[in-house]
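Trainee: Sequence first, then the predicted structure, then my questions.
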Amino acid sequence: VFGDDVVSVSVKEGDLLTLNTGVTKQQHDKILWYFNDTLIALINGHPNTSCLYDGEGGRFRDRLKVDYETGSLTITDIRSEHAGRYEVEIIRSESSGKRQSLNRNRKCDSTKITRKISSTHDDSIKTFSVIIT
């Protein structure tokens, strides 16, 4: 578990920003990325079973990329509306199995808005505070 540390990141408008998980992803781990408590990416290890979400008002449409090996999130052509709190939650395959059904439905609706539910202590969370200059 990462604890309560928040990594502050400053980036210029129009630049590319990559947020790194800092962990080695295992084959069956699931990685969830949130922007201000709204789900923006679900990584199940393979592009066919993962989802990228546009966010509220389409804020992230065509701007998100993920690294399926590391779980890192890249935001291209960043704008002031992308400033805020990003959280990455890593759900280890050996944890309680409570969310093994995540994205069992293969169809990904990128416009779906999903709010963060409170996490358990089994999961690892890392928080980034992104400032746009």
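Mentor: Happy to help now that I have it.
Trainee: Need the nearest residue in space to the most centrally placed residue in the chain, chain neighbours excluded.
Mentor: What sits nearest the mean C-alpha location of the chain, by CA atoms, centre = their mean, is residue 33, with 1.4 Å. Leaving out its chain neighbours, the residue that sits closest to residue 33 by CB to CB, 6 or more residues apart in numbering is residue 41, at 3.9 Å. Where you see a C-beta, it was placed from the backbone N, CA and C, and this is true even at glycine.
Trainee: pLDDT score assigned to the one you found?
Mentor: Reported pLDDT at residue 41 in the predicted model: 95.
Trainee: these two touch, right, it and residue 52?
Mentor: Yes. Using CB atoms under 8 Å, residue 41 is in contact with residue 52, at 5.3 Å.
Trainee: list the residues that contact both of these two?
Mentor: 64, 66 (CB atoms under 8 Å, 6 or more residues apart in numbering).
Trainee: Just to check, the residue nearest to the centre of the chain is in contact with residue 40?
Mentor: Yes. Using CB under 8 Å, residue 33 is in contact with residue 40, at 5.2 Å.
Trainee: which neighbours do these two share?
Mentor: Joint contacts of residue 33 and residue 40 (CB under 8 Å, 6+ apart) are residue 73.
Trainee: What spatial separation is found between residue 40 and residue 84?
Mentor: 11 Å (CB to CB, to the nearest Å).
Trainee: I meant residue 90, not that one.
Mentor: Taking CB to CB, one finds residue 90 at 20 Å from residue 84.
Trainee: So for the two, which sits in the more crowded spot?
Mentor: residue 90 (22 against 15; other CB atoms under 10 Å).
Trainee: which stretch of helix or strand covers the more buried one?
Mentor: strand 84-91 (DSSP states H and E).
Trainee: Does anything pack onto that strand? Which helices or strands?
Mentor: strand 30-35, strand 124-132 (3 or more CB pairs under 8 Å, 6 or more residues apart in numbering; DSSP states H and E).
Trainee: at 10 Å instead, please
Mentor: Helices and strands touching strand 84-91, by 3 or more CB pairs under 10 Å, 6 or more residues apart in numbering; DSSP states H and E, are strand 6-11, strand 17-19, strand 30-35, strand 38-43, strand 73-75, strand 124-132.
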